[in-house]
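Student: what's the 3D shape of this:
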Amino acid sequence: MVMIKANVFEIKARFSEYLDRVVNGERVIVCRHNKPVAELRPLDDVRAEPRPIGPLEGRPRFDVPASFFEPLSVADLDAWDQVVSSDPLAAQTQPVGGRRTSRVAESRTKYGAGRSRRGKPRR
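Tutor: Coordinates of the predicted model:
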């Protein structure tokens, strides 16, 4: 089996040509600054038929009970929210005054606020 070494710049410039060589059975070692970082090689076996959906043959059928979709009680939610850690600072993250914290992570700023299109901070 033929093996070719090429740097990223060359692979990017002639990607289609290298893919054609891989389809023909060659392997391509991709290098960055002449150090190997990846390998392009042909796939051994490609699935032609669609993947079957449903339970596997020979296994018992599994039914999800209707209670699975019911909302959890407040006590169960509180049990999931408890911090289990040996970190002494973790105890400080408990809600103050018994107030429940939001369960959704939200960003405080709009997407891309304070940055230019190229990702550098605006001056």
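Student: okay, CA-based contacts and neighbour counts for the rest of this
Tutor: Will do.
Student: wait, is Glu39 part of a helix?
Tutor: No - the assignment for Glu39 is strand, going by DSSP: H, G, I helix; E, B strand; the rest coil, so no helix is present there.
Student: where's it relative to Lys5, distance?
Tutor: The gap separating Glu39 from Lys5 is 9 Å, by CA to CA, to the nearest Å.
Student: Overlap of the contact sets of the two?
Tutor: Taking CA atoms under 8 Å, 6 or more residues apart in numbering as the contact rule, Glu39 and Lys5 both touch 28-30.
Student: For Leu77, state which of those residues is nearest.
Tutor: Val30 (49.5 Å; CA to CA).
Student: my guess is the closest one contacts Phe15, does it?
Tutor: No - here Val30 does not reach Phe15: they are 11.3 Å apart, not a contact under CA atoms under 8 Å.
Student: More neighbours: these two, which one.
Tutor: Val30 (21 against 13; other CA atoms under 10 Å).
Student: Going by residue numbers, what spans are helices in this protein?
Tutor: 8-13, 15-23, 74-81 (DSSP state H).
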